[in-house]
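**Student:** coords please:
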Amino acid sequence: MTNKKKLNKDDWRNATGKIEYSMTNDYMFRMVLQSNNTVLKGLISSMMHVPLSDIKSVEIVNPIELGKHIDDKDFILDVKVMLNDNSIINLEMQVTNYSNWTNRSLCYLCRTFDNVQKGEDYNSTIPVTHIGFLDHDLFPDELEFYSTYMLQNVETGKIYNSKFRLSVLSLNQIKLATKEDKKWHIDEWARLFKATTWEELKMIAEKDKVYSEAANSIYVQNSDETIRAMCEARQEAIFHEQYVQKQLKELQEARDEAIFHEQYVQKQLKELKEAKEEAIIHEQYVQKQLSEKDAKLSEQSAQLSEQQNLIEQLQAENKKLKENNK
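**Tutor:** Numbers count the residues shown, from 1 in each chain. Reported below is the predicted structural model:
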């Protein structure tokens with residue numbers, strides 16, 4: 001049931017403490033942008049580096065019904081926007097790292113890019129951009145705040161098609177915002193999304209009317225029982241998914257450790273076997289050497305015995321000759 005309480009547009013200015021559902025909640029993210037065209041225009045202006053005066057119209061072409069069931073695995077909370085009737089922008093908030101963002105975002109982008117109607121020329125394809133708002137690092141070994149990717153020649157860098165773009169905003173890397181990012185106030189949007197208290201949000205809202213509009217929309221949406229229930233459901237789903245991801249990670253780490261241990265044991269067994277075989281070979285060599293020495297000693301002993309017998313025989317004959325000569 002929707003909260004029927006009538007809200008004053010300045011009620012958010014009196015709010016204090018924790019923001020129950022901020023815009024990092026993907027349902028809140030969608031509802032704020034869907035309910036406030038001014039905020040949507042301001043966000044797109046910054047993210048696309050398009051002056052606000054050049055934005056004639058923005059229209060969400062996949063609006064959702066308030067309170068619609070969101071447990072269906074096919075339910076997608078990305079925001080598809082038509083900009084000035086000549087380009088499509090997908091906006092998606094994702095705080096959980098599923099380790100599949102590059103493939104996921106590319107699939108979404110390709111589906112959107114396939115917008116040529118039957119019989120139309122392929123040159124009529126409408127430009128598409130997918131912008132992901134992530135609360136984790138896409139590439140931990142190459143940290144960036146706001147990055148954009150396009151198809152290009154790997155040798156020359158020549159752009160293959162400028163109608164096909166992927167952009168990623170890492171909400172946890174605001175400190176890496178460039179001068180260009182700050183020029184377009186992308187860092188302020190990141191702070192607005194990440195704000196967890198009304199005090200933080202008010203400080204941001206003071207800087208520009210569009211942030212004030214966003215703050216008011218966040219307050220209004222947080223005051224609606226139906227939207228709060230949907231945000232809570234999304235939050236629980238995210239917590240559950242994060243728990244599952246953590247368990248899977250721990251299981252994988254345990255499995256990797258078990259495999260490493262098994263490999264270590266097998267290595268030790270192999271080394272022991274090799275050492276045993278080497279010891280056997282050494283023992284065989286030693287036995288062979290001893291046998292050869294024993295045989296040689298036996299031969300020498302036999303020769304000595306034969307020589308001793310010969311000496312005794314000669315002594316006996318010598319003695320006999322001496323007796324005969326007397």
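**Student:** lowest-confidence helix or strand of this structure?
**Tutor:** In the chain, the helix or strand scored least confidently by mean pLDDT, DSSP states H and E is helix 225-325, which has a mean of 87.
**Student:** which helices and strands sit right next to that one?
**Tutor:** helix 26-35, helix 209-222 (3 or more Cβ pairs under 8 Å, 6 or more residues apart in numbering; DSSP states H and E). To be clear about C-beta, it is placed using only N, CA and C from the backbone, and glycine gets the same treatment.
**Student:** could I get the contacting residues of residue 253?
**Tutor:** Contact analysis of residue 253 by Cβ atoms under 8 Å, 6 or more residues apart in numbering lists nothing.
**Student:** returning to what we had before: looking at the helices and strands packed on helix 225-325, which is nearest to residue 202?
**Tutor:** helix 209-222 (7.0 Å; Cβ to Cβ).
**Student:** off-centre distance for that closest one?
**Tutor:** 32 Å (Cα atoms, centre = their mean, to the nearest Å).
**Student:** pLDDT of it, averaged?
**Tutor:** When pLDDT is averaged over helix 209-222, the result is 95.
**Student:** for that helix, buried residues please.
**Tutor:** Residues of helix 209-222 classed as buried: 210-222 (neighbour count, 16 or more other Cβ atoms under 10 Å).
**Student:** what's the answer for stretch 188-199, then?
**Tutor:** 188-195, 198.
**Student:** now stretch 116-134
**Tutor:** 127-134.
**Student:** do I have it right that residue 135 meets residue 26?
**Tutor:** No. With contact defined as Cβ atoms under 8 Å, residue 135 does not count as touching residue 26 (10.7 Å).
**Student:** pick out whichever of those two has more residues nearby.
**Tutor:** residue 26 (24 against 17; other Cβ atoms under 10 Å).
**Student:** and the gap between that one and residue 101?
**Tutor:** Using Cβ to Cβ, to the nearest Å, one gets 14 Å for the distance from residue 26 to residue 101.
**Student:** hey, what's in contact with both of these two?
**Tutor:** residue 94.
**Student:** report the contact partners of residue 198.
**Tutor:** Shown in contact with residue 198 (Cβ under 8 Å, 6+ apart): 12, 15-19.
**Student:** which of the buried residues of stretch 188-199 fall in helices?
**Tutor:** 188-194, 198 (DSSP state H).
**Student:** let me have those in TSV, extended by distance to residue 227 and pLDDT.
**Tutor:** Below are these laid out as TSV (distance: Cβ to Cβ, whole Å; pLDDT from 0 to 100):
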residue	distance to residue 227	pLDDT
188	24	97
189	21	98
190	23	97
191	23	97
192	18	97
193	17	97
194	20	95
198	17	96
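**Student:** now do residue 65 against residue 105, distance only.
**Tutor:** 25 Å.
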